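Trainee: Could you look at this predicted model? Sequence included:
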Amino acid sequence: MASDFWTFYSWYLSQHQHPLCRGLHYLGSVLVVLILLYSLWFQAWWQLVYLPLAGYGFAWIGHLLFEKNRPATFKHPFYSFVADWLMLWQMLTGKPLGAKN
């Protein structure tokens with residue numbers, strides 16, 4: 001499908017057009033960071049089991065209910081993982097989605 005990350009990312013963004021789907025991705029990613037920080041700070045290692053639930057659960061709900069497509073994670077787990085974080089970073093920094101810089 002994608003020969004390089006930027007080709008994949010362009011396709012990835014096309015699969016995340018609905019604002020509520022993107023919002024659920026952002027929510028899941030922020031929860032992952034918060035759970036990770038909490039687990040490290042309080043050495044509550046058992047809480048790390050919630051990372052995939054937060055990270056993937058919200059995203060998959062967004063695809064099921066709003067985008068009505070299959071998450072990219074199923075076929076491209078690594079690129080999809082990186083793309084999730086890049087999409088969040090671009091949103092937080094105000095950069096246009098898909099910008100390389």
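Mentor: That came through fine. Predicted model, so just to flag it, every value in this text is computed and none were measured.

Trainee: Check the model's average confidence along the host helix or strand of D84 for me.
Mentor: Using DSSP states H and E, D84 sits within helix 77-93. The predicted model assigns helix 77-93 a mean pLDDT of 96.

Trainee: ok, and what's touching that helix?
Mentor: With contacts defined as CB atoms under 8 Å, 6 or more residues apart in numbering, helix 77-93 is touched by 2, 5, 8-9, 12-13, 16, 22, 25-26, 29-30, 55, 59, 71-73, 95-99. (Glycine included, C-beta is placed from N, CA and C.)

Trainee: If we use 7 Å, what do you get?
Mentor: Outside helix 77-93, the residues that touch it by CB atoms under 7 Å, 6 or more residues apart in numbering are 2, 5, 8-9, 12, 16, 25-26, 29, 72-73, 97, 99.

Trainee: can you give me the helices for the chain?
Mentor: 5-14, 19-42, 50-62, 77-93 (DSSP state H).

Trainee: What confidence value was assigned to K100?
Mentor: Reading off the model, K100 has pLDDT 87.

Trainee: ok, how many other residues are close to it?
Mentor: K100 has 8 neighbours, counted by other CB atoms under 10 Å.

Trainee: Spatially, what comes nearest to it if we skip its sequence neighbours?
Mentor: W6 (6.4 Å; CB to CB, 6 or more residues apart in numbering).

Trainee: Roughly how far does the one you found sit from Q47?
Mentor: 35 Å (CB to CB, to the nearest Å).

Trainee: the more surrounded of those two?
Mentor: Q47 (14 against 11).

Trainee: okay, and for the protein, where does confidence drop off?
Mentor: The chain contains residues with pLDDT under 70 at 1-2, 101.

Trainee: how near is the most centrally placed residue in it to P77?
Mentor: Geometric centre of the chain, nearest residue: D84, 3.1 Å, by CA atoms, centre = their mean. Relative to P77, D84 is positioned 11 Å away (CB to CB).

Trainee: Over to L37?
Mentor: 24 Å.

Trainee: nearest residue to I61 other than its sequence neighbours?
Mentor: L24 (5.9 Å).

Trainee: Need the residues that contact stretch 46-57.
Mentor: Contact with stretch 46-57 is made by G28, S29, L31, V32, I35, L36, Y38, S39, T73, as judged by CB under 7 Å, 6+ apart.

Trainee: This completes my enquiry, with thanks.
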